[in-house]
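Visitor: got a predicted structure plus its sequence, pasted below:
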Amino acid sequence: MKAIWKKVIIAESDETVMVEGNHYFPADSVKTQYLKESSTHTFCSWKGKASYYDIVVDDEINRDAAWFYPDPKPEALTIKNHVAFWRGVEVRQ
């Protein structure tokens, strides 16, 4: 699977984890040079507290377009150290 924004591959892996229709990419498959930490956090009742990244490509910013669970609840441990994408980021094979 690949996560692509502005024709740039942000992440690529054969071992994503599918949860609620989203592909979670292993953290080591994500090109961190395109990520900038965001101050945004949300809460999921079964996964826990989510943190976000902005994606930055050629000085264009896609705010909060990637998220992860730094300390997921026990039910969601399969997505620990994984990152998911949305907000216009194309996820495909």
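Guide: Nice, thanks for sending it over. Numbers count the residues shown, from 1 in each chain.
Visitor: and stretch 21-36, which residues are buried?
Guide: Across stretch 21-36, burial judged by 16 or more other C-beta atoms under 10 Å covers 22, 23, 24, 25, 26, 29, 30, 34, 35. Where C-beta positions appear, they are placed from N, C-alpha and C, glycine not excepted.
Visitor: check what pLDDT the nearest residue to the third one once chain neighbours are set aside gets.
Guide: Just to be clear, that refers to residue 24. Leaving aside its sequence neighbours, residue 24 sits nearest to residue 82 (C-beta to C-beta, 6 or more residues apart in numbering; 3.6 Å). With respect to pLDDT, residue 82 has a value of 98.
Visitor: partners of residue 82 in the sheet?
Guide: residue 26 (DSSP bridges).
Visitor: that one - how many residues pack around it?
Guide: Close neighbours of residue 82, defined as other C-beta atoms under 10 Å, add up to 26.
Visitor: quick one, what contacts it?
Guide: Residue 82 makes contact with 16, 17, 24, 25, 26, 27, 68, 69, according to C-beta atoms under 8 Å, 6 or more residues apart in numbering.
Visitor: what about the fourth one, distance to residue 36?
Guide: Computed with C-beta to C-beta, to the nearest Å, the distance linking residue 25 and residue 36 is 17 Å.
Visitor: cool, residue 14 as well?
Guide: 27 Å.
Visitor: again with residue 29
Guide: Residue 29 is 18 Å from residue 36, by C-beta to C-beta.
Visitor: for residue 67, same thing?
Guide: 13 Å.
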